[in-house]
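Asks: Sequence first, predicted coordinates after that:
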Amino acid sequence: MLDIKLIRERPDWTKQELTKVGFSGDAVDRLIECDAQRRRLQHQLDELRAQRARQSRELAQLSEQQRESARGDMRALGAHVAQGERELAELERQAEAMLLEMPNLPRPHVPVGAGEGENKIVRAELEPRAFDFEPLAHWELGQHLGIIDFDRGVKLAGTRFYVMMGAAARMERALVAWMLDVKVREQAYLEVWPPLMVNSAMVLGSGHLPKFRDTMYRDAEEDFWFIPTAEVPLTNLYAGEILEAGRLPIYLTAYTPCFRREKMSAGRDVRGIKRGHQFDKVEMVKLVTPETSDRELETLVENACEICRRLEIPFRVVQMCTGDLGFTAAAKYDVEMWAPGCGEWLEVSSCSNCADFQARRARIRFRRAPGDKPELVHTLNGSGLGLPRTLIAVLENYQNEDASVTVPKVLRPYMDGLEVIRPQARREI
RNA sequence: GGAGAGGUGGCCGAGUGGUCGAAGGCACCAGAUUGCUAAUCUGGCGUACUGGGCAACCGGUACCGAGGGUUCGAAUCCCUCCCUCUCCGCCA
């Protein structure tokens, strides 16, 4: 959520910045008008209430008879106040609704661009491997090895579901455990096991509601939303709280399944495990002081890159231009791994600095020193990494000519020393 | 799910219709004082919106789990919901 004061004081600048992220400035004018009305009414109402309080206090001093005669006027005044309160509530609701639909503004250093086409590759590491045979796509490898079962996934749940068995299931678990170990042991993150369902206030705080309502699963009867990413519970962990400055920065990590309806991408990426309704992810979230967030984004990206590097899989970092930032990000980098089988760069991590956008919604604040006014923290989040796509990259990069797959060195200790995945015996399937 | 108790400021905890943003204590901050990190005393100490001032600041309003209601006036009375604790039931 943007700061209404900023919009009020610098409307033209706000509109200009919103245009950079592809959002029409018209809403700003409507918001400012609504806000001005709201403030006018609030002022009138405040005075009315002050008058009521004053007269009501005087009434208390009067005798019962005198009081009786004054009641008529007082009743009218009370009704007047109630009417004003109703109108004010409506104006507040409208202003709030507009504000909640407005995307974040870009950080000043983010390159201006209209969309995906103008993103910039800012870094690339490791050379794609030269194959002397035609590399298979992961769905071919997975089926050949008997470790990914698409048909049974569909049987159990429906399209966009699959079942991992044997070495794939084992590798999924190995990846999770290994990534968490790197986060916790070497990158100073605190491991968290959050709820996988949260209430609507949390999803509002993270910026997923109201705009992305139909991208999420929810309980039909109760106020539970299945998390689309661990970013939601992690970012909201300290929602509504005022933290002491000494506690910042806070680095959090969690492995969770993620649930997404994927209505927006119907028909896209239907093959393989690239895009499912449920997937695993290790997530990183940072709560930091405002002046450090730009720097913290760089190290967040580096934390994601380190995972790719140790898996020895070619990757690149893409800086999003203003037009591709999405709703909550003020700056964003994607980390992409090369997948030689399906021949594409796979987004395995998306690292964002949300500045105070989520903190304002979720009211996450800190105090620099005792007695100081609370300030909003800055929040950042990034995948560290998304599991299915990482698994795709592992399978496709580490495949051998006989369609077996070599296990990356870093994962072997997590897989009982297994070095090569070969077709599974029938009974294992 | 049933019964009971309860939700008040950073924490503990008073307050059952008016002068309560709310006693008292703890914590915290500032100052004073004592021949050393402790004690004592004095003062300060919520959040948000809003009016005024360049500003430290001054004023108004709202907020006592949430939402409705009664009333001239609600932390206080009534209703609904949520949450916590205890006991019972049920269950992975």
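Replies: Looks like it came in fine.
Asks: Residue A:153 touches residue A:162, doesn't it?
Replies: Yes: with contacts counted by CB atoms under 8 Å, residue A:153 reaches residue A:162, the gap being 3.6 Å. Every residue, glycine included, has its C-beta placed from N, CA and C.
Asks: who has more neighbours, these two?
Replies: More crowded of residue A:153 and residue A:162, by other CB atoms under 10 Å: residue A:162, with 22 against 19.
Asks: Tell me the predicted confidence for the residue in the stretch 251-400 of chain A that RNA strand B sits nearest to.
Replies: The nearest approach of the stretch 251-400 of chain A to RNA strand B comes at residue A:370, 3.2 Å away (CB to the nearest atom of the strand). Note on residue A:370: pLDDT of 74.
Asks: Could you give the number of residues near it?
Replies: 7.
Asks: And for residue A:54?
Replies: A count of nearby residues for residue A:54, using other CB under 10 Å, gives 10.
Asks: Can you classify it by secondary structure?
Replies: Look at residue A:54: counting by DSSP: H, G, I helix; E, B strand; the rest coil, its state is helix.
Asks: pLDDT at it, what is it?
Replies: 86.
Asks: and residue A:99, which of the three is it?
Replies: helix.
Asks: How about the contacts made by the residue lying closest to it once chain neighbours are set aside?
Replies: Of all residues not flanking residue A:99 in the chain, residue A:1 sits nearest, at 5.4 Å (CB to CB, 6 or more residues apart in numbering). Contacts were defined as CB atoms under 8 Å, 6 or more residues apart in numbering; by that measure residue A:1 touches A:99-100, A:102, A:357, A:360-361.
Asks: Also residue A:330?
Replies: With CB under 8 Å, 6+ apart, residue A:330 has these contacts: A:104-107, A:110, A:352-355, A:357.
Asks: Residue A:88 too?
Replies: Residues near residue A:88 by CB under 8 Å, 6+ apart: A:38, A:41-42, A:45.
Asks: Of these, which are in range of RNA strand B?
Replies: Applying CB under 7 Å from any atom of the strand to these, one finds that A:42, A:45 fall near RNA strand B.
Asks: Can you flag the buried ones in the contacts of residue A:88?
Replies: Among the contacts of residue A:88, those scoring as buried are A:38, A:41, A:45 (criterion: 16 or more other CB atoms under 10 Å).
Asks: The last one touches residue A:83, doesn't it?
Replies: This means residue A:45. No: in this structure, residue A:45 is not within contact of residue A:83 by CB under 8 Å, at 9.5 Å.
Asks: Which residue, neighbours along the chain excluded, lies closest to the residue nearest in space to the middle of chain A?
Replies: In chain A, the C-alpha nearest the mean C-alpha coordinate belongs to residue A:231, at 4.8 Å (CA atoms, centre = their mean). Distances taken as CB to CB, 6+ apart place residue A:381 nearest to residue A:231, at 4.3 Å, with adjacent residues excluded.
Asks: Right, I'll leave it there.
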